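> Compute the structure for the input listed below.
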Amino acid sequence: MLFLFGIACLFTGNLIATGQQGIALLMAMAVPIAVVVLSSRIAPFYVIAIALFSLNSLSGWGMLPQQVTWVIDFVILLAVGKALFLWQRGEAGLPPTSLNLVVLGLAVVGAISVIVNGVAMPVVAAGVRHHFKYILMLYALCALKPDPSALRRLIWLLIGLAFLQTPVAVAQRVLLGIDDLVAGTLGYNANQELSLFLIGVACVLVGLFLQRYKMQGKLYLMTMPLLLAPIALNQAKAAFLYLPVALGAVVVMGKRRRSWRALGLVLFLTAMVAALLFTADRVITRLQISEFLTDTDAMLGEFVETGDQGHSLIGYSKNGTFLRGSAVVYAHSEIVRSPVTALIGVGPGNASESFFGGSSGEYWDNREPDKIQLSKTLFEFGYLGLLLFLVLHFLCFGEVLRMRFDDSFWRGVAIGFAGILVMYVLGILYAPVWASDVLGFLFWFTAGALFLVGARRNSTGRHKVYATIRGGSEKP
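Predicted coordinates for the structure are as follows:
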């Protein structure tokens, strides 16, 4: 044992001496993290949630090495390993069968694309990590089957962490003088992710309000302006487009017979969005948000080149990277050179940047063809892979719709999941949302929790007497 300890010390010392302090620190963290993760069935997901709102920020602002953020990947691998152990013993569960078939189809498409395009294994590993990391986490969650009360507490933790972003964002804006990079505790340049995450959490709060009309439900609603305040402090302009669409989906999903309540909710949400716009116009002096939302050229300028000659398909931002729409056009023009690549893409990771220079894809360059998720997935998986990913997300929602929940909390979360789906799917036009840690965790953990709670309720054979997610009930 002493010999092994000595070898470990020498190896760690060598890493530090050669300038690889980040890997040395990661190795030092590995053992205590593994002990915590393996201690209970819910522990891995608590560790991931806390890491998302701490390590990424500390690394992004240069306080910790980039390698420390790999803790999240390490924890997911540990959870998957524990899930495989339980599966071997016949104690593990699986997500709904319809999802398994689509995930298998995506794996086949990715494997064929790798073989056809001759993608190097380090590049493949980076691509699989971006697209499948949180899908693997979903499988681990369904296999470990944590107690519903533990899942509920973690949902509340995410809501609490979302509210924590407001004082941090205010401090970043007022005390530190940060302008459009206000991102709370998510890290440097994560303002887009922060805005979409807060929209997702706001959808859950509206869902909870629709299930709890008394004082508790009203409290959820009244705290939403505080929750969404960071959106008015950063430069994520498109968030003001996504916010009403996502919240509108929740209202439609949770509509009840008393239409006046729905009308009151719509009026409140409209007033809240207007107040956020008013605040943003006065906080962000470089661009009036209200003018952006009413100026077609300004909105198109986020996606394609604009000017006196009209609109061109390829355009670049001030720092030389593709505009969002231009990245999609470029990805399309590259893959349609061959019918095969048009169908299955150029291979996972082959159009993406990696922290390891040798793992960056052949088709990636400083113009950032992976700038948004639509261009990234289209480039790497082709039109067939993109379609399968979209089908996978909508199947998740379809499975939730078919489930019954006897608890108003889970019914509220299920209603809110409609808005999370809208944010996560439409977000592919705005940012690399499926490769985002915080957004991936929000979507796939919420889906997995609903699968587990719904399946557990339905397995009792008494689900016909339970209320639907819209609050109605079915007679036995």
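
> From now on I want contacts and neighbour counts done on CA atoms only, so please keep to that.
Fine.

> what ranges of the stretch 251-400 of the chain fall below the confidence cut-off?
Within the stretch 251-400 of the chain, the stretches falling below the threshold (pLDDT under 70) are 255-264, 276-320, 355-359, 366.

> Which stretches in it count as strands?
In chain order, the stretch 251-400 of the chain shows no strands, with DSSP state E, counting those that start in this stretch as the criterion.

> got the domain boundaries for the protein?
Per automatic domain parsing, the structural domains of the chain span 1-86, 93-459.

> ok, and which of those domains has the densest surroundings?
When the domains of the chain are scored by mean count of other CA atoms under 10 Å, the highest mean neighbour count falls to domain 93-459 (a mean of 20).

> how near is Arg41 to Ala435?
Computed as CA to CA, to the nearest Å, the Arg41 to Ala435 distance reads 25 Å.

> what does Val266 give?
In this structure, Val266 and Ala435 are 32 Å apart, going by CA to CA.

> quick one: contacts of stretch 207-221?
By CA atoms under 8 Å, 6 or more residues apart in numbering, the residues outside stretch 207-221 that reach it are 205-206, 250-251, 254-255, 408-409, 411-416, 471.

> can you rerun that using 7 Å?
Residues outside stretch 207-221 that contact it (CA atoms under 7 Å, 6 or more residues apart in numbering): 205-206, 250, 254, 408-409, 412-413, 415-416, 471.

> do the same with stretch 158-166
Under the criterion CA under 7 Å, 6+ apart, residues 184-185, 198, 201, 226-227, 229-230 lie in contact with stretch 158-166.

> Now pLDDT and distance to Gly90 too, for these, in JSON lines please.
What follows is the contacts of stretch 158-166, written out as JSON lines (pLDDT from 0 to 100; distance: CA to CA, whole Å):
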{"residue": "Gly184", "pLDDT": "79", "distance to Gly90": "42"}
{"residue": "Thr185", "pLDDT": "84", "distance to Gly90": "40"}
{"residue": "Leu198", "pLDDT": "93", "distance to Gly90": "38"}
{"residue": "Val201", "pLDDT": "94", "distance to Gly90": "35"}
{"residue": "Leu226", "pLDDT": "83", "distance to Gly90": "46"}
{"residue": "Leu227", "pLDDT": "85", "distance to Gly90": "43"}
{"residue": "Ala229", "pLDDT": "81", "distance to Gly90": "47"}
{"residue": "Pro230", "pLDDT": "83", "distance to Gly90": "46"}
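
> where does the stretch 1-150 of the chain dip in pLDDT?
Applying pLDDT under 70 to the predicted model, the residue ranges of the stretch 1-150 of the chain that meet it are 1-28, 60-62.

> Show me the helices in it, by range?
Assignment of helices within the stretch 1-150 of the chain using DSSP state H, counting those that start in this stretch yields the ranges 2-17, 21-37, 43-52, 55-60, 71-88, 97-117, 121-144, 148-174.

> Likewise for the stretch 151-300 of the chain?
Ranges of helices within the stretch 151-300 of the chain are 191-211, 215-222, 224-228, 239-253, 259-283, 289-294, 296-300, based on DSSP H, counting those that start in this stretch.

> Make TSV out of the contacts of stretch 158-166 and add distance to Ser326.
Written out in TSV, the entries for the contacts of stretch 158-166 read as follows (distance: CA to CA, whole Å):
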residue	distance to Ser326
Gly184	29
Thr185	30
Leu198	27
Val201	30
Leu226	35
Leu227	33
Ala229	31
Pro230	28
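
> Please save the CA atoms from stretch 130-143 in PDB.
The C-alpha coordinates for stretch 130-143 follow below in PDB (Å, rounded to 0.1, in the frame of the first residue of the first chain):
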ATOM      1  CA  HIS A 130     -21.000  16.800 -26.300                       C
ATOM      2  CA  HIS A 131     -24.100  15.000 -27.700                       C
ATOM      3  CA  PHE A 132     -24.600  12.000 -25.400                       C
ATOM      4  CA  LYS A 133     -23.300  12.900 -21.900                       C
ATOM      5  CA  TYR A 134     -26.600  13.800 -20.400                       C
ATOM      6  CA  ILE A 135     -28.500  11.100 -22.200                       C
ATOM      7  CA  LEU A 136     -26.100   8.700 -20.400                       C
ATOM      8  CA  MET A 137     -27.000  10.500 -17.200                       C
ATOM      9  CA  LEU A 138     -30.700   9.900 -17.900                       C
ATOM     10  CA  TYR A 139     -30.000   6.100 -18.200                       C
ATOM     11  CA  ALA A 140     -28.000   6.200 -15.000                       C
ATOM     12  CA  LEU A 141     -30.800   8.100 -13.200                       C
ATOM     13  CA  CYS A 142     -33.500   5.600 -14.400                       C
ATOM     14  CA  ALA A 143     -31.300   2.700 -13.400                       C
END
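
> And the residue lying closest to Ala49 once chain neighbours are set aside, how close does it get to Val103?
Among residues not flanking Ala49 along the chain, Leu158 sits closest, at 7.4 Å (CA to CA, 6 or more residues apart in numbering). According to CA to CA, Leu158 stands 27 Å off from Val103.

> same deal with Ala190?
When CA to CA is applied, the distance between Ala190 and Val103 equals 28 Å.

> Contact partners for Asn117?
Asn117 sits next to 346-347 when contact means CA under 7 Å, 6+ apart.

> got it, and Pro230?
The neighbourhood of Pro230, defined by CA under 7 Å, 6+ apart, consists of 166, 169.

> if you count residues, which helix in this structure comes out on top?
Once the chain is assigned using DSSP state H, the helix that runs over the most residues is helix 373-401.

> ok so, going back, turn the contacts of stretch 207-221 into CSV, columns for distance to Pro32.
Output for the contacts of stretch 207-221, formatted as CSV (distance: CA to CA, whole Å):
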residue, distance to Pro32
Leu205, 35
Val206, 38
Val250, 41
Gly254, 43
Ser408, 37
Phe409, 34
Gly412, 36
Val413, 33
Ile415, 38
Gly416, 35
Gly471, 44
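
> Out of those, which is nearest to Ala449?
Proximity to Ala449 was ranked across the contacts of stretch 207-221 by CA to CA; first place goes to Val413, at 9.7 Å.

> quick one: which helix or strand includes the closest one?
Assignment of secondary structure by DSSP states H and E places Val413 within helix 408-426.

> what comes into contact with that helix?
Applying CA under 7 Å, 6+ apart, the set of residues contacting helix 408-426 from outside is 196, 200, 203-204, 206-208, 210-211, 242, 246-247, 249-250, 253-254, 400, 405, 433, 443, 450, 469.

> Stretch 402-413 spans what distance, first to last residue?
Using CA to CA, the span of stretch 402-413 from its first residue to its last is 14 Å.

> what pLDDT, on average, does that stretch get?
For stretch 402-413, the per-residue pLDDT values average out at 87.

> what does stretch 420-440 give?
91.

> just how off-centre is that stretch within its chain?
5 Å (CA atoms, centre = their mean, to the nearest Å).
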